[in-house]
Structures are given as structure tokens and as C-alpha cells.
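Participant: The sequence isn't on hand, but the structure is:
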């Protein structure tokens, strides 16, 4: 059976946003789902962003109350995103994906469900839900405005299309995911690269390389002093 072709979403209204942010960390003391391996939990948010950019994929994990791995995002217009970073203390490291791209990849908004509604759902749908409850067992995460993308249980990763990430959010305007790669090239007497066999002397040089997702995206920086999201000049 042929998979359905995703349709186009309507334009985002003033309370919505065309881009959804995948944060690379959680604010303290927010709990992390126990399905996240300890090695990843121990990483700093910028280290997680580094891995995502170089691997070209986001790893998904089963959220609380579910066995279905998901990649989680937040639909946060700029003023709401500023509030998450300043008041709710979310670490300012993440990727923003187009809302349409998230939908095309099988994603959608979560269901904030009361406990009695959750009990009516089959296990295979629990990954789409967030428990909504007040009182002793309080669970109120409406401010996260969450979307999720399901990923396969056997290989719970979301490969990112080359044009999927229009913006990257960082907490340091000078940060970049560089890696030193050593390789041998032939150079002539002036230091210009030439083809092997031509006049020149091979030598080892260190070449700075950057992942495509980084070079193709705008970069935003959260300035804690100004309490503003600023665009980093290219």
C-alpha cells in the first residue's frame, strides 16, 4: 500500500509559529525520561547539538508513560521562546525545524489528556499524549506546546533532510561544531594545491570542516544580559 502524501498545513496564526524548536537539554530540575541513556544524560546541551549536527540525525526516546520512541519539539513563537529561555530556564541550545517539515516527517501536536482520557487510549497511542492533571499528582506541561515525531523502535533516529533546519539556537555566539581533519595534499612552491604528480611537495595539513546543517542554517544566540534572541551575522 502506498503511503499517503502529506498535505500542506495552513499558515500559522499569531499564537503559532512556522518553526518548531528541538531543545538539546532540559531545564533544572525537570526530569529526564528514563529511556535516555546515561551517556547522553551526562552530556552538556552543546555536546548533544554537536552530535546531532555531525550525525545529521536526532535520536528519539520513549516519553513518560509510553514505550514508543519519539523526537520532541516545541511550537514557541519568539516571545514565548524568550520566556522559556529566561523564566523557565531552558538551555539555549537546539535546532528549529519547519512546522511543515515536521508534519511531512510524520509529526504532529501532542494530546494533553486528563487521566480518565489516558486510560481509554491503547498503548500504541500513548506516545502522542502528555498527562494533564492538577492536585496531588500535578502534571501541567501546556507551556511546552509540544509536537512529536515517531521514530522506529528498531532504529529510533530521525534523519534530518538537508534543508530541514533553517535555524540553530546557541548559547555562545562564538561556538561552532568544528572538527580537525588531517589529510595529505600536494602543494607547489607558493603553497597552492596541485594534482599529485605535478610540481609540488606533499605535506600534511589540517583542514577545518563544518557539517552541512550548520553552514546552511541561520544562527540565533540567546543573550542572557539583554534577555533577547539575536541573529549572529554570517
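Facilitator: The structure has been received and is ready for your questions. All figures in this text were calculated on a predicted structure; none of them were measured in a lab.

Participant: who's in contact with residue 161?
Facilitator: The contact partners of residue 161, taken as Cβ atoms under 8 Å, 6 or more residues apart in numbering, are residue 101. In this view, the C-beta of every residue, glycine as well, is placed from N, C-alpha and C.

Participant: Check whether it sits in a helix, strand or coil.
Facilitator: Under DSSP: H, G, I helix; E, B strand; the rest coil, residue 161 falls in the coil class.

Participant: I'd like to know how far it sits from residue 104.
Facilitator: To residue 104, residue 161 is 9 Å away according to Cβ to Cβ, to the nearest Å.

Participant: again, but for residue 178
Facilitator: As judged by Cβ to Cβ, residue 178 and residue 104 stand 31 Å apart.

Participant: Of the two, which one has the most company?
Facilitator: Using other Cβ atoms under 10 Å as the criterion, residue 178 and residue 104 rank with residue 104 on top: 17 against 12.

Participant: just the helices in this structure please.
Facilitator: 38-41, 45-55, 78-86, 99-104, 115-118, 212-216 (DSSP state H).

Participant: Now those in JSON lines, please, with extra columns for distance to residue 138 and mean pLDDT.
Facilitator: Putting those into JSON lines (distance: least, Cβ to Cβ, whole Å; pLDDT from 0 to 100) gives the following:
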{"stretch": "helix 38-41", "distance to residue 138": "24", "mean pLDDT": "90"}
{"stretch": "helix 45-55", "distance to residue 138": "26", "mean pLDDT": "96"}
{"stretch": "helix 78-86", "distance to residue 138": "19", "mean pLDDT": "97"}
{"stretch": "helix 99-104", "distance to residue 138": "28", "mean pLDDT": "95"}
{"stretch": "helix 115-118", "distance to residue 138": "12", "mean pLDDT": "93"}
{"stretch": "helix 212-216", "distance to residue 138": "38", "mean pLDDT": "94"}
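
Participant: Which one of those helices lies nearest to residue 9?
Facilitator: helix 99-104 (5.5 Å; Cβ to Cβ).

Participant: which parts of that closest one are buried?
Facilitator: Within helix 99-104, the residues that count as buried by 16 or more other Cβ atoms under 10 Å are 99, 101, 102, 103, 104.
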